[in-house]
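Have a look; sequence and predicted model below, questions after that.
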Amino acid sequence: MKTAILKKSKTQTRSTARVDEQVYKVGIAVVGACSLAIGVWATIALVSGMVASGGPGALVADWFRAVIGS
């Protein structure tokens, strides 16, 4: 007669955050924040240029005059 032997096995899982993944996430956040800041600055500069020149049409005309040199 054969007897059955039951084996119990334990497995452990360890969850460790990889440092390089965290660095990439922070890097992406920093680049995104810088891009946002540059976009906001460019929008403010464009709007203030339109206000100073008297509107969008005048801004374009002033820009062409500045490029041509007249």
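Thanks, I have the structure now.

And the helices in the protein, which stretches?
19-53, 56-68 (DSSP state H).

What's the mean pLDDT across the longest one?
Averaged over helix 19-53, pLDDT sits at 94.

what separates it from the chain centre, distance-wise?
8 Å (CA atoms, centre = their mean, to the nearest Å).

What helices and strands are in contact with it?
On a contact count with 3 or more CB pairs under 8 Å, 6 or more residues apart in numbering; DSSP states H and E, helix 19-53 meets helix 56-68. C-beta: built from backbone N, CA, C; applies to glycine.

Touching the helix it packs on from outside, list them.
49, 50, 53 (CB atoms under 8 Å, 6 or more residues apart in numbering).

before we move on, the earlier item: dump the helices of the chain into TSV; add mean neighbour count and distance to residue 4 as well.
Shown next, in TSV, are the helices of the chain (neighbours: other CB atoms under 10 Å; distance: least, CB to CB, whole Å):
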stretch	mean neighbour count	distance to residue 4
helix 19-53	10	45
helix 56-68	11	86
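
Show me the one of those that comes nearest residue 8.
With CB to CB as the criterion, residue 8 lies closest to helix 19-53 of the helices of the chain, at 34.6 Å.

and the angle from that closest one to helix 56-68?
Relative orientation of helix 19-53 and helix 56-68, computed by axes from the mean of the first three to the mean of the last three CA atoms, to 10 degrees: 100 degrees.

Adding distance to residue 10, write the helices of the chain out as CSV.
Formatted as CSV, the helices of the chain follow (distance: least, CB to CB, whole Å):
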stretch, distance to residue 10
helix 19-53, 28
helix 56-68, 71
